[in-house]
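Q: predicted structure and sequence below. I'll ask about it afterward.
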Amino acid sequence: MSDNLLQNINNPKDLRQLDINQLPQVAQELRDFIIDVVSKNEGHLGASLGVVELTIALHYVFDTPDDVLVWDVGHQAYGHKILTGRRENFHTNRKLGGISGFPKRSESVYDTFGVGHSSTSISAALGMAIASYIKGDFNKQHIAVIGDASIASGMAFEGLNHAGVTDANLLVILNDNAIGIDPSVGALKDYLTAVKEGKNHKDNNMIKSLNFDYSGPIDGHDIFAVIKELKRLQKIKGPKFLHIITTKGKGLQLAEEDQVKYHAPGKFDAYTGKIHLKSEENLPPKFQDVFGLTLVELANKNKKIIGITPAMPSGSSMKFMMEAFPNRAFDVGIAEQHAVTLSAGMATQGMVVFCNIYSTFMQRAYDQIIHDVALQNLPIIFCLDRAGLVGEDGATHHGVFDISYLNCIPNMIIYAPINEIELRNIMFTAQLGLKHPIAIRYPRGRGVIQNWQLPFEQVEMGKGIQLKNGSKVAVLSTGTIGNNVVEALAKIKNPNLFSHYHFPFVKPLDEVLLKEICMEYDEIITLEENTIIGGFGSIVNQFSSSNKCGILIKNLGIPDHFIEHGSVLELQKLCKIDAVSLIELFDSIV
């Protein structure tokens, strides 16, 4: 092997100085570099390995950053980051103070659009292309790279629909590997499979019918073929569409064989690919598994129960329901709006629908929650996984807005369990026949109780719970962040000064209990893993003001700025809601 080429590539200009015949070596070195770093530091692996050749070809052919390159979602952008000046810092990927795991405009001029959620690339690149056209810059190139799972989303089709009637200089590259985080689903996936297998005649092409210049499918790992086609398309004006076929996890055999597991495998052996398994013996369960296993248990007895998830069967553990009751559980693809309104339609027919959507992705279906569910008062059970700070995925993925954006909606119930047993019991209670929609928010990661599969108990609606009695200060928490209060109060100097109340129901609020608290204590401290603005604390403040309680209230939670990436504990510390910060606060009160 000749000298290492990658170590001398500090930006795409360096890459373009190489002879085209040197690029396969660059591809191998880039793939090895990604595998080596991610094996030690964790992160999104398979997606970036699958687009190594495409990434090199794009920066080799196009004059980035003057030509703009937009990556959809961004799971696949590690190679892009390494080739655009961040090779030396790549070991800090997703760490506190390090580079982001996703493209981020403030990080690099090569990151032309910040991403993290799917299906935004076509609209963003089209907006850039139209702006260039208006400014008279007719030679500037605008490229959107989108996967076959993301392109099935409604927003991607909205972008395609608009682009097809413009003169915008836009190139959409479909990275077709038949998988997102889980295998792609739906009729469009079947159509693309038929195209790959040559079963669709070229004239019967839905992309062409949208006025795109379509080419492909081509082998996305043949770097010479990709470069040749990109150079041809570079000379064509207007909307263009290149269909490439890739293998997610390319270059690491185990990652190719198990693409779901190696999407983000954790730490693994860089040579063999074998994942370093963490011992799960005697550990509490993951909240997602409590949801998934409880849902199957309930569905065994209640034949009306339906499970719906938008492209997250593994991440939400809806996979258990899909395996046990394949006719009553649905992965609808990356289509949160559709998932919510599909649930609404089923609810009108008497079905008991558990719609599981990550808190951060529920933001994408806000109108549907209001217009299709709450306005019609349909009793859908929304299970908001990954509520609160999620850690290394960072600002695009933290589920810290849902209390604020749901609380203002009439008819909506909001519930945040403090542990696995409460999650299990509210799921049981909800399927007995609620009269309103409910959102159950719970965090990423593990709970606190090993023996959680206890007999179901019905939850009394709208009731708060006193966990500890004290004389002076009442600490009010909602959700699992309350466990930090429990830990802190066990270690402070004057524990007898503090009472602790858990408010699992944010809405309806236990106003009777809250009025008693306002009358009995000198001070209230509220704690939540949601934004302070509009959150649980704000609701308590409003109650106190409306009832002229006149009590001192301090609100703790997520401050009014976007929280970056790092471990959950590090981020809680930044927000001063970790147990150590709470101990310092409580000890300062005399």
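A: Yes, it's here.
Q: work out for me the element residue 63 sits within.
A: For residue 63, there is no enclosing helix or strand under DSSP states H and E.
Q: run a quick neighbour tally on it.
A: Using other C-beta atoms under 10 Å, residue 63 has 14 neighbouring residues. The C-beta positions use only the backbone N, C-alpha and C, and glycine is treated the same way.
Q: ok, and the closest non-adjacent residue to it?
A: residue 141 (7.6 Å; C-beta to C-beta, 6 or more residues apart in numbering).
Q: so who does that neighbour touch?
A: Neighbouring residues of residue 141 by C-beta atoms under 8 Å, 6 or more residues apart in numbering: 62-63, 67-68, 169, 171, 234.
Q: which of those residues sits closest to residue 125?
A: residue 68 (6.8 Å; C-beta to C-beta).
Q: is it true that the closest one touches residue 143?
A: Yes. The criterion here is C-beta atoms under 8 Å, and residue 68 meets it with residue 143 at 7.0 Å.
Q: ok, back up a step: among the contacts of residue 141, which ones are buried?
A: Among the contacts of residue 141, those classed as buried by 16 or more other C-beta atoms under 10 Å are 62, 67-68, 169, 171, 234.
Q: just the ones of those residues in strands?
A: Among the buried ones among the contacts of residue 141, the members falling in strands (DSSP state E) are 68, 171.
Q: show me where the stretch 401-550 of the chain dips below the pLDDT cut-off.
A: For the stretch 401-550 of the chain, no stretch has pLDDT under 70.
Q: and the strands in it?
A: Taking DSSP state E, counting those that start in this stretch as the test, the strands found in the stretch 401-550 of the chain are 413-415, 438-441, 465-468, 473-477, 498-502, 505-507, 523-531.
Q: and the angle for the last one with strand 473-477?
A: Translated: strand 523-531. Here the directions of strand 523-531 and strand 473-477 differ by 20 degrees (axes from the mean of the first three to the mean of the last three C-alpha atoms, to 10 degrees).
Q: can you tell which of the strands of the stretch 401-550 of the chain is closest to residue 247?
A: strand 438-441 (36.8 Å).
Q: wait, is residue 554 part of a strand?
A: Yes. Counting by DSSP: H, G, I helix; E, B strand; the rest coil, residue 554 is part of a strand.
Q: spatially nearest residue to it (excluding sequence neighbours)?
A: Excluding the flanking residues, the one nearest residue 554 by C-beta to C-beta, 6+ apart is residue 525, at 4.9 Å.
Q: cool, residue 300 as well?
A: Using C-beta to C-beta, 6+ apart and skipping residues adjacent in sequence, the residue nearest residue 300 is residue 324, 7.8 Å away.
Q: distance check, residue 115 against residue 75.
A: Between residue 115 and residue 75 the computed distance is 9 Å (C-beta to C-beta, to the nearest Å).
Q: nearest residue to residue 269 other than its sequence neighbours?
A: Nearest residue to residue 269 in three dimensions, chain neighbours excluded: residue 39, at 6.6 Å (C-beta to C-beta, 6+ apart).
Q: any idea where the helices of the stretch 101-250 of the chain begin and end?
A: Shown for the stretch 101-250 of the chain, the helices assigned by DSSP state H, counting those that start in this stretch span residues 121-134, 154-163, 187-196, 223-234.
Q: for residue 392, which residues are in contact?
A: Per C-beta under 8 Å, 6+ apart, neighbours of residue 392: 42-43, 94-95, 101, 565-567.
Q: of those, buried ones?
A: 42-43, 94-95, 101, 565-566.
Q: ok, those vs residue 552, which is closest?
A: Looking across the buried ones among the contacts of residue 392 and measuring by C-beta to C-beta, the closest to residue 552 is residue 566, at 31.9 Å.
Q: what about that closest one, helix or strand, and which?
A: With DSSP H and E as criterion, residue 566 is part of no helix or strand.
Q: got the contact list for the nearest residue in space to it that is not next to it in sequence?
A: Nearest residue to residue 566, sequence neighbours excluded (C-beta to C-beta, 6+ apart): residue 96, at 3.1 Å. Listed by C-beta under 8 Å, 6+ apart, the contact partners of residue 96 are 564-567, 570-571.
Q: now the buried ones among the contacts of residue 392 as a markdown table including pLDDT and distance to residue 314?
A: As requested, the buried ones among the contacts of residue 392 are exported to a markdown table (pLDDT from 0 to 100; distance: C-beta to C-beta, whole Å):
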| residue | pLDDT | distance to residue 314 |
| --- | --- | --- |
| 42 | 94 | 17 |
| 43 | 94 | 17 |
| 94 | 96 | 20 |
| 95 | 96 | 25 |
| 101 | 95 | 19 |
| 565 | 97 | 22 |
| 566 | 97 | 24 |
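Q: identify, from these, the entry nearest to residue 438.
A: Nearest to residue 438 among those: residue 565, at 30.6 Å, using C-beta to C-beta.
Q: just give me the residue closest to the centre of this protein.
A: The centre of the chain sits closest to residue 397, judged by C-alpha atoms, centre = their mean, with a distance of 4.6 Å.
Q: if I look at that residue, how far off is residue 437?
A: Separation of residue 397 from residue 437 (C-beta to C-beta) stands at 24 Å.
Q: got it, and residue 553?
A: Plainly put, residue 553 is 29 Å away from residue 437 if you go by C-beta to C-beta.
Q: what of residue 391?
A: 29 Å.
Q: who's more crowded, these two?
A: The residue with more neighbours, out of residue 391 and residue 437, is residue 437; 28 against 20, by other C-beta under 10 Å.
Q: for stretch 502-519, measure first residue to last.
A: The first and last residues of stretch 502-519 sit 18 Å apart, counting by C-alpha to C-alpha, to the nearest Å.
Q: repeat for stretch 58-71
A: End-to-end distance of stretch 58-71 (C-alpha to C-alpha): 11 Å.
Q: tell me which residues of it come out buried.
A: Quick answer for stretch 58-71 (16+ other C-beta under 10 Å): 58-62, 64-65, 67-71.
Q: returning to that earlier point: which residues does the residue nearest to the centre of the chain contact?
A: By C-beta under 8 Å, 6+ apart, the contact list for residue 397 reads 116, 358, 360, 386, 390.
Q: ok, of those residues, which come out buried?
A: Buried subset of the contacts of residue 397 (neighbour count, 16+ other C-beta under 10 Å): 116, 358, 360, 386, 390.
Q: now do the first one against residue 363, distance only.
A: What it means is residue 116. 11 Å.
Q: for these two, list the residues in contact with both.
A: In contact with both residue 116 and residue 363: no residue, using C-beta under 8 Å, 6+ apart.
Q: what's the local residue count around residue 508?
A: 13.
Q: ok, back up a step: among the buried residues of stretch 58-71, which one lies nearest to residue 317?
A: Residue 317 lies nearest to residue 71 out of the buried residues of stretch 58-71, by C-beta to C-beta, at 28.1 Å.
Q: the closest one bridge partners, please.
A: Per DSSP bridges, the residues bridged to residue 71 are residue 145.
Q: and the gap between it and residue 47?
A: Applying C-beta to C-beta to residue 71 and residue 47 gives a distance of 10 Å.
Q: before we move on, what about residue 301?
A: Going from residue 301 to residue 47 by C-beta to C-beta gives 39 Å.
Q: out of those two, which sits in the busier spot?
A: In this view residue 301 and residue 47 are compared by other C-beta under 10 Å, and residue 47 has more residues nearby, 28 against 10.
Q: what helices or strands is the strand or helix carrying that one leaning on?
A: Assigned by DSSP H and E, residue 47 belongs to helix 46-50. In terms of contacts (3 or more C-beta pairs under 8 Å, 6 or more residues apart in numbering; DSSP states H and E), helix 46-50 is packed against helix 23-41.
Q: which parts of the helix it packs on are buried?
A: Buried residues in helix 23-41, defined by neighbour count with 16+ other C-beta under 10 Å: 23, 25-27, 29-35, 37-39, 41.
Q: can you give me the angle that helix makes with helix 223-234?
A: Relative orientation of helix 23-41 versus helix 223-234 (the same axes, to 10 degrees): 100 degrees.
Q: so what touches helix 23-41?
A: If you take C-beta under 8 Å, 6+ apart as the criterion, helix 23-41 is touched by 1-2, 4-6, 9, 15, 18, 43-45, 48-49, 52-53, 55-57, 60, 78-79, 82-83, 87, 90-91, 93-95, 223, 227, 250-252, 267-270.
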